[in-house]
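*Asks:* Here you go, sequence then predicted model.
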Amino acid sequence: MGLLIEGQWHDQWYDTKSQGGRFKRQESEFRHTISPDGPFKPESDRYHLYVSMACPWAHRALIFRKLKDLSEHISVSVVHPNMLSNGWEFRQDDGFYKDHLYDFEFAHQLYTKAKSDYTGRVTVPILWDKQSQTIVNNESSEIIRIFNSAFNELTGNNHDYYPQTLQSEIDAVNERIYHTVNNGVYKAGFATTQDAYKEAFNELFDSLDWIEQRLSEHRYMVGDQITEADWRLFTTLVRFDAVYVGHFKCNKKRIVDYPNMWAYLRELYQHADVATTVHMDQIKRHYYYSHTMINPTQVIPEGPDLDFWAPHDRD
Ligand SMILES: N[C@@H](CCC(=O)N[C@@H](CS)C(=O)NCC(=O)O)C(=O)O
């Protein structure tokens, strides 16, 4: 775990000390979009997505790539789930964890290729432009918006997960869920004081109660259709019982203890090809093996048994 400072790799854990024990997520740096009138135009086989199968933020991008029929237009490379002193790594001798563009060893080499004096964390997802050989965007909330609409002409897939009429409600739901759930589990897990942990823990479970209530009245988080708000929530919920309950100490309740949320999670898992984007072994391995500050033995739990294929009955 580390970061780049003026293009040089430094192995260091998050600085929570200066924040009273609180984990503070860094702002993403590369924020370009893809559009016919910009430098980054929607073209087939021009862009490459770097992901970790373990990472909930990268997972959003993988889901949108599937849902929007982008698989044959946007290629993918996957980093190895063990994220240790060199940060995210590729395995050149393993087809699954290979950097297909440059055969790099480390993801930080992509950041310095894009910007030689880059300072900041080396995060996934990374949306890469093969033509100009740089990072288009490394912010998942923006990558999924790009995937939602920028390639519609190419794919003919006009399904809209961020429809105009629902945008303000989606934004409001996202805002609460981002701070208290998506990032909330990290705030609890990476907290280094009791107070910081408790604050994040309470906000998280207040929000989970609110979500459970909402899902008892509506099939989805916003309106009666699946929207971006659901997919953003999904990638945290699907990791919750296997990782966040134990590793991040989010243990007031599990998702299986909330009848509506658990059925909703199964429905989303069973939707289209989404199940193929969920790699539970890599998810568990990444968190339990990489965060040695939280789990120094690096032992990865065997359980829990979760049947995501059980009928959801949400209809
Ligand atoms: N804001 C980014 C956050 C991405 C992020 O933090 N990804 C994690 C993996 S789950 C990461 O790469 N962490 C490496 C680090 O913080 O050094 C996004 O949503 O795209």
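*Replies:* On my side now, so go ahead.

*Asks:* Going by residue numbers, what spans are strands in the stretch 51-200 of the chain?
*Replies:* Counting by DSSP state E, counting those that start in this stretch, residue ranges of the strands within the stretch 51-200 of the chain are 74-78, 120-121, 126-129, 134-137.

*Asks:* List the strands paired with the first one, with their directions.
*Replies:* For strand 74-78, the pairing partners within the sheet under DSSP bridges are strand 47-51 (parallel).

*Asks:* Wondering if the strand it pairs with reaches the ligand at all.
*Replies:* No: counting by Cβ under 6 Å from any ligand atom, the ligand is not contacted by strand 47-51; separation bottoms out at 9.4 Å. From N, CA and C alone the C-beta is placed, and that goes for glycine too.

*Asks:* just to revisit the earlier point, including mean neighbour count and mean pLDDT, could the strands of the stretch 51-200 of the chain go into JSON lines?
*Replies:* Listed next are the strands of the stretch 51-200 of the chain as JSON lines, based on neighbours: other Cβ atoms under 10 Å; pLDDT from 0 to 100:
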{"stretch": "strand 74-78", "mean neighbour count": "20", "mean pLDDT": "98"}
{"stretch": "strand 120-121", "mean neighbour count": "17", "mean pLDDT": "96"}
{"stretch": "strand 126-129", "mean neighbour count": "24", "mean pLDDT": "98"}
{"stretch": "strand 134-137", "mean neighbour count": "22", "mean pLDDT": "98"}
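
*Asks:* number of nearby residues for E89?
*Replies:* Using other Cβ atoms under 10 Å, the number of residues around E89 comes to 20.

*Asks:* Looking at the strands of the stretch 51-200 of the chain, which is nearest to the ligand?
*Replies:* The closest of those to the ligand is strand 120-121. By Cβ to the nearest ligand atom, the value is 4.0 Å.

*Asks:* can you tell if the closest one touches the ligand?
*Replies:* Yes: Strand 120-121 reaches the ligand (Cβ under 6 Å from any ligand atom) through R121.

*Asks:* Give the other helices and strands that that strand contacts.
*Replies:* Helices and strands touching strand 120-121, as assessed by 3 or more Cβ pairs under 8 Å, 6 or more residues apart in numbering; DSSP states H and E, comprise strand 3-5.

*Asks:* who's sitting farthest from the centroid in the chain?
*Replies:* Among the C-alpha atoms of the chain, the one most distant from their mean position (Cα atoms, centre = their mean) is that of D37, at 28.6 Å.

*Asks:* thinking again about what came up before, can you tell me which of the strands of the stretch 51-200 of the chain is nearest to F248?
*Replies:* strand 120-121 (18.6 Å; Cβ to Cβ).

*Asks:* Can you list the strands that the closest one pairs with?
*Replies:* Strand 120-121 pairs in its sheet with strand 3-5 (antiparallel), by DSSP bridges.

*Asks:* starting at the chain centroid, how far to the partner strand?
*Replies:* Centre-to-centre, strand 3-5 and its host chain are 21 Å apart (Cα atoms, centre = their mean, to the nearest Å).

*Asks:* who's in contact with it?
*Replies:* 9-10, 12, 87, 108, 111-112, 118-122 (Cβ atoms under 8 Å, 6 or more residues apart in numbering).

*Asks:* How about the next helix-or-strand element following it and the ligand, touching?
*Replies:* Scanning forward in sequence from strand 3-5 by DSSP states H and E, the next helix or strand is strand 8-10. No: contact between strand 8-10 and the ligand, assessed by Cβ under 6 Å from any ligand atom, is absent, since the two come no nearer than 11.0 Å.
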